[in-house]
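Undergrad: Let me see the structure of the following:
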Amino acid sequence: MSRYADTTPEPPYYAVIFTSQRRGGDADYEATAERMVELAARQAGFLAVESSRGADGFGITVSYWASLAAIAAWKADVEHLRAQALGRSDWYANYDLRVARVERAYTFDAAAPDGE
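TA: Numbers count the residues shown, from 1 in each chain. Model (predicted):
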């Protein structure tokens, strides 16, 4: 999974911000995380995802969506529901999920000729 979202449309759109602290057990976590990204990418209204996890187990994943309805449909996906249950029972010590509407977005790229 790429750390940065390749592209998102012009705002407004929505961001689902998932911060988590992993526990020790690894039982299929990586494979399930990759599967969730693949599955989310097929959902109507999915725009992009970016994610990072530190050596201490703290992670953040931000997924971008076209609408609140698309987010609700993703939350209710049967395979995603199973992964959520495993997250609570096996993988996470704690997590927070926030949904935000993106009103503005800016880009900087030092490698670009004009810096943007």
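
Undergrad: Helices of the chain, start to end?
TA: 29-41, 68-76, 78-86 (DSSP state H).

Undergrad: And these: which comes nearest residue 13?
TA: Distance to residue 13, taken as Cβ to Cβ, is lowest for helix 68-76 among these, at 9.6 Å. Quick note: C-beta positions are derived from backbone N, CA and C, even for glycine.

Undergrad: wait, which of the helices of the chain is closest to residue 51?
TA: helix 29-41 (7.9 Å).

Undergrad: Export the helices of the chain as JSON lines, with columns for mean neighbour count and mean pLDDT.
TA: Listed next are the helices of the chain as JSON lines, based on neighbours: other Cβ atoms under 10 Å; pLDDT from 0 to 100:
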{"stretch": "helix 29-41", "mean neighbour count": "15", "mean pLDDT": "94"}
{"stretch": "helix 68-76", "mean neighbour count": "15", "mean pLDDT": "98"}
{"stretch": "helix 78-86", "mean neighbour count": "13", "mean pLDDT": "96"}
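
Undergrad: Check the residue nearest to residue 61 when sequence neighbours are not counted and give its pLDDT.
TA: Nearest non-adjacent residue to residue 61, counting by Cβ to Cβ, 6 or more residues apart in numbering: residue 51, 4.0 Å away. The score at residue 51 is 94. That number is its pLDDT.
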